[in-house]
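[1] Provided below for reference: sequence and predicted model.
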Amino acid sequence: MNQIDDNELLKQYIEDLDIIDHHCHNLLDEPKCFKYPFVSFFTEGDLNTEKFIQQSKSTLIYHRSIKEICQLYGCKNPDEIEKFRETEGLEQLTYRCFKEAKLETIILDYSFKIYHDNLSIPMKDNKWHSKFSKVYKILRLETVLEDSLVEAKSRDMTFQMWLDYARTLVDPTQFQMDSDGIPTIGYKSIVAYRSGLSIKEYSTEQVATEFDRVLREDLPKSSSIHYRVTSEILIHFFIHFTMEISSRLDKPLPLQIHTGYGDPDLSLEKCNPLLLKPFIIKFPKVPIVLLHCSYPFCREAGFLCWVYSNVYIDIGLAIPFLSVEGMKNSFSALIELCPIDKIFYSSDAHHIPETYYLSSKWARYVVHHVLAKSIKSNEITLEEAKKFAEKIFRNNCLDIYNI
Ligand SMILES: [Zn+2]
């Protein structure tokens, strides 16, 4: 036998799979996508000093990615990559990276924006991405909340009027498809960044009082100033409000929720997915998808998936941002307990098409490596490993999102 053959057969099978990227973001438009230092796409840190830029170039992800991209584009060094990218143009680069990644479908969180002097840096819209792959989108609840509060202030709404208006923005029976023709198939929350994952419940009186205060004190005077909601009471209320609406559907829309590490805005100690337990129990019909393998809380996430039928997990950001050993260890730690039927592939790719490519490549590598070890330990057969891989890279997603 053929364990060597099994290893090769599994590798080939996984490399050939067309995949669904369950959580990713829109690309930066030209010429901005060529203007940022390349290292900025491989860290979540704020590159505000030359010293930190140099330090950030000493990560394993940066070294590995530069080699990978040199190989993909036939370049010798980062300077050549930068020249090559500008010469090719964004459309050609995206075509190439998406094709190499074998992306059949992407699910975009289109509300991830960068602001500079209150202006958002231009991004490619959802429709543009559909030139390269099938596209669906998810609704980021904090952005909907922000927009609805700005609208409430400008139209002088009462609390009840705002509730009625907000309902029309999050009720799937009212927004199925909007002007860009791209279907909305789920929600996302970044509450981890604003308060951590202990999502509390507040009384209607508390929420109504806070609504009045926020409109009076927090909303900017001018509509040209970007508003970022920080009220914990309103953010927590809005998540509950949306989940109650979604729960009444025959098939509630999944909620993707940021867990684990991210940029310096978050407090990592408040991003352990175990903190979500009361919320998970309150909405048993809603599929709750923990993003980013909950790194470094991968085992905790695996436990939640193991014991609660409505908890799922995706492996984006942990792959490809960690070292090779880190990616393998995180995925291995996750599946110590986590049922494979609950795992999704994602890239969390953003800003440049190369991150889509790198993520797909390394996720295939990691899933192959870890499942091949399970074949070797006689836990699973080759055929079972193939089915597991196909579930992670596409079938689980098709199932939960009903697409
Ligand atoms: Zn993301």
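    Looks like it came in fine.
[2] Hmm, His25 is touching Ser346, no?
    No: contact criterion CB atoms under 8 Å: His25 and Ser346 do not qualify, at 10.5 Å. Heads up, the C-betas are built off the backbone N, CA and C, glycines and all.
[3] So these two - more neighbours on which side?
    Using other CB atoms under 10 Å, the more surrounded residue of His25 and Ser346 is Ser346, with 27 against 19.
[4] give me phi/psi at the more buried one?
    Torsion angles at Ser346 (phi, psi; degrees, to the nearest 10) stand at phi -150, psi 160.
[5] Same check on Thr184?
    Dihedral pair for Thr184: phi -90, psi 130, per degrees, to the nearest 10.
[6] Show me the helices in the stretch 101-250 of the chain, by range?
    With DSSP state H, counting those that start in this stretch as the criterion, the stretch 101-250 of the chain has helices at 126-129, 141-154, 159-170, 172-175, 191-194, 204-213, 232-247.
[7] Tell me which of those lies nearest to His368.
    With CB to CB, the closest approach to His368 among those belongs to helix 126-129: 27.4 Å.
[8] Quickly note the distance from Phe321 to Ile313.
    Separation of Phe321 from Ile313 (CB to CB, to the nearest Å): 16 Å.
[9] first vs last residue of stretch 93-108, how far apart are they?
    Its start and end residues considered, stretch 93-108 measures 19 Å (CA to CA, to the nearest Å).
[10] Show me what counts as buried in it.
    By neighbour count on 16 or more other CB atoms under 10 Å, the buried set for stretch 93-108 is 93-94, 96-98, 100-103, 105-108.
[11] Closest to Ile280 out of those?
    Ile107 (21.5 Å).
[12] what's the closest one in contact with, if anything?
    With contact set as CB atoms under 8 Å, 6 or more residues apart in numbering, Ile107 has these partners: 20-24, 135-138, 185-186, 346, 397, 401.
[13] between the residues you listed, which has the most around it?
    Greatest neighbour count in the contacts of Ile107, by other CB under 10 Å, goes to His22: 32 neighbours.
[14] Contact partners for it?
    107, 256, 289, 314, 316, 344-346, 397.
[15] Find the pair from these with maximum spatial separation.
    Gln256 and Tyr345 (13.4 Å).
[16] Need the residues touching each of those two.
    Applying CB under 8 Å, 6+ apart, one finds that Gln256 and Tyr345 are jointly contacted by 22, 314.
[17] low-confidence ranges in the protein?
    Low-confidence segments of the chain, defined by pLDDT under 70: 1-4, 115-119, 175-178.
[18] which helix of it spans the most residues?
    helix 354-376 (DSSP state H).
[19] Can you point out the buried residues in it?
    Residues of helix 354-376 classed as buried: 354-372, 374-375 (neighbour count, 16+ other CB under 10 Å).
[20] repeat for stretch 166-182
    By neighbour count on 16+ other CB under 10 Å, the buried set for stretch 166-182 is 166, 169-170, 172, 182.
[21] now, among those residues, which is nearest to Glu88?
    So of those, ranked by how close each gets to Glu88 (CB to CB), first place is Ile182, at 26.1 Å.
[22] so who does that closest one touch?
    Ile182 makes contact with 108, 126-127, 130, 135-137 under the criterion CB under 8 Å, 6+ apart.
[23] and with 10 Å instead?
    Ile182 sits next to 108, 110, 125-127, 129-130, 134-137 when contact means CB atoms under 10 Å, 6 or more residues apart in numbering.
[24] What are the buried residues along stretch 76-90?
    Buried residues in stretch 76-90, counted by 16+ other CB under 10 Å: 78, 81, 84-85, 90.
[25] among the residues you listed, which two are most distant?
    By the measure CB to CB, Pro78 and Leu90 form the most distant pair in the buried residues of stretch 76-90, at 18.3 Å.
[26] got any residues that touch both of His25 and Ser346?
    Common contacts of His25 and Ser346 (CB under 10 Å, 6+ apart): Ile106.
[27] pretty sure Val324 is touching Ile61, no?
    Yes: look at Val324 against Ile61 with CB atoms under 10 Å: they come within range, at 9.4 Å.
[28] Common neighbours of these two, please.
    Counting by CB under 10 Å, 6+ apart, the shared contacts of Val324 and Ile61 are Trp362.
[29] the more surrounded of these two?
    Taking neighbours as other CB under 10 Å, Val324 and Ile61 compare with Ile61 leading, 19 against 16.
[30] And the next helix or strand past the helix or strand harbouring the more buried one?
    According to DSSP states H and E, Ile61 maps onto helix 60-73. Next in sequence after helix 60-73, counting helices and strands by DSSP H and E, comes helix 78-88.
[31] ok and that next one relative to helix 354-376, angle-wise?
    120 degrees (axes from the mean of the first three to the mean of the last three CA atoms, to 10 degrees).
[32] quick one: helix 78-88 to chain centroid distance?
    Between the centre of helix 78-88 and the centre of its host chain there is 27 Å, according to CA atoms, centre = their mean, to the nearest Å.
[33] still on that earlier bit, need the buried residues of stretch 93-108 in a markdown table with distance to Phe279, can you?
    A markdown table is the format used below for those (distance: CB to CB, whole Å):
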| residue | distance to Phe279 |
| --- | --- |
| Leu93 | 40 |
| Thr94 | 37 |
| Arg96 | 41 |
| Cys97 | 36 |
| Phe98 | 35 |
| Glu100 | 38 |
| Ala101 | 33 |
| Lys102 | 35 |
| Leu103 | 31 |
| Thr105 | 28 |
| Ile106 | 27 |
| Ile107 | 22 |
| Leu108 | 25 |
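[34] which of those residues lies closest to Trp306?
    Among the buried residues of stretch 93-108, Ile107 lies closest to Trp306 (CB to CB), at 24.5 Å.
[35] do you know how far Asn7 is from Ile233?
    Here the criterion is CB to CB. By it, Asn7 lies 54 Å from Ile233.
[36] right, and the helices of the stretch 101-250 of the chain - which one's nearest Lys11?
    Counting by CB to CB, Lys11 lies closest to helix 126-129 out of the helices of the stretch 101-250 of the chain; the figure is 29.2 Å.
[37] For that closest one, list every residue counted as buried.
    So for helix 126-129, counting by 16+ other CB under 10 Å, buried means 126, 128-129.
[38] and what of stretch 231-244?
    By neighbour count on 16+ other CB under 10 Å, the buried set for stretch 231-244 is 231-243.
[39] Over to stretch 158-165?
    Buried residues in stretch 158-165, counted by 16+ other CB under 10 Å: 159, 162-163.
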